[in-house]
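Asks: Here is my input, please return the structure:
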Amino acid sequence: MAMAARTTVRLMPAHMRFVNGVSRAYDDEFPPELRHLVDETQFTHAINQINNTLTDYWPCLFCVCYGYACCVCTGGLSLLCPHMCISDAEQYARTLIDRINHRPCFQDVGVEWKFVKRCGRSWIEISFPNTNNYSKKGSDGGGSYQKVLIASPASSSRTTDDASPTLL
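Replies: Model prediction:
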């Protein structure tokens, strides 16, 4: 069964990043690609909750400095101290994102949030279904926001990394 094509928007790290790639906060600017689906206040509330959760569980400056400063002497074991706090922050952020995905304002329109961590980098992905009619709420079609999808993942013969359309 063919999966419906989805567009993805990435929210990149906005603050300090630890060696495992997790950032203390992510970009909180409202992506224009979401204007036709989600109210800006709903987006702002959700991303602020995620950023506040990460910040609340982020280790103190002393702990991070200790981890990096003593890294050479301890063979990297000193990084375990801040890593414990940061892994808690990541776990709580993932749990919060699961709750955000179940909110009616996002679930009803097919918007899905995801925390992605790969190769020492991380970001938040917001994906939503592609539609032929990209118009703002309350718009009669004149001057509406439009987005063109060049290739859908189902019909593409490119590699998997290039197959999904990503807006950066």
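
Asks: was I right about residue 43 contacting residue 34?
Replies: Yes - counting by Cβ atoms under 8 Å, residue 43 does reach residue 34; the two are 6.3 Å apart. Quick note: C-beta positions are derived from backbone N, CA and C, even for glycine.

Asks: Look up how far residue 43 lies from residue 8.
Replies: 15 Å (Cβ to Cβ, to the nearest Å).

Asks: ok, back up a step: and residue 43 and residue 34? which has more neighbours close in?
Replies: Each of residue 43 and residue 34 has its neighbours counted (other Cβ atoms under 10 Å); residue 43 has more, 23 against 20.

Asks: give me the number of residues near residue 113?
Replies: Neighbours around residue 113, by other Cβ under 10 Å: 21.

Asks: That one looks like it's in a strand, true?
Replies: Yes - assessed with DSSP: H, G, I helix; E, B strand; the rest coil, residue 113 lies in a strand.

Asks: Can you name the residues that contact it?
Replies: By Cβ atoms under 8 Å, 6 or more residues apart in numbering, the residues touching residue 113 are 46, 97, 100-101, 106, 124-126.

Asks: got any ranges where this structure has weak pLDDT?
Replies: 1-3, 132-168 (pLDDT under 70).

Asks: can you give me the helices for it?
Replies: With DSSP state H as the criterion, the chain has helices at 40-57, 61-69, 71-74, 80-101, 104-107, 160-163.

Asks: re earlier: mind checking which of the contacts of residue 113 are buried?
Replies: Neighbour-count burial (16 or more other Cβ atoms under 10 Å) applied to the contacts of residue 113 gives 46, 97, 100, 106, 124-126.

Asks: Not counting its neighbours along the chain, what's nearest the residue positioned nearest the centre of the chain?
Replies: Among the residues of the chain, the one closest to the centroid is residue 124, at 1.0 Å (Cα atoms, centre = their mean). In space, and not counting its chain neighbours, residue 124 is closest to residue 11: 4.2 Å by Cβ to Cβ, 6 or more residues apart in numbering.
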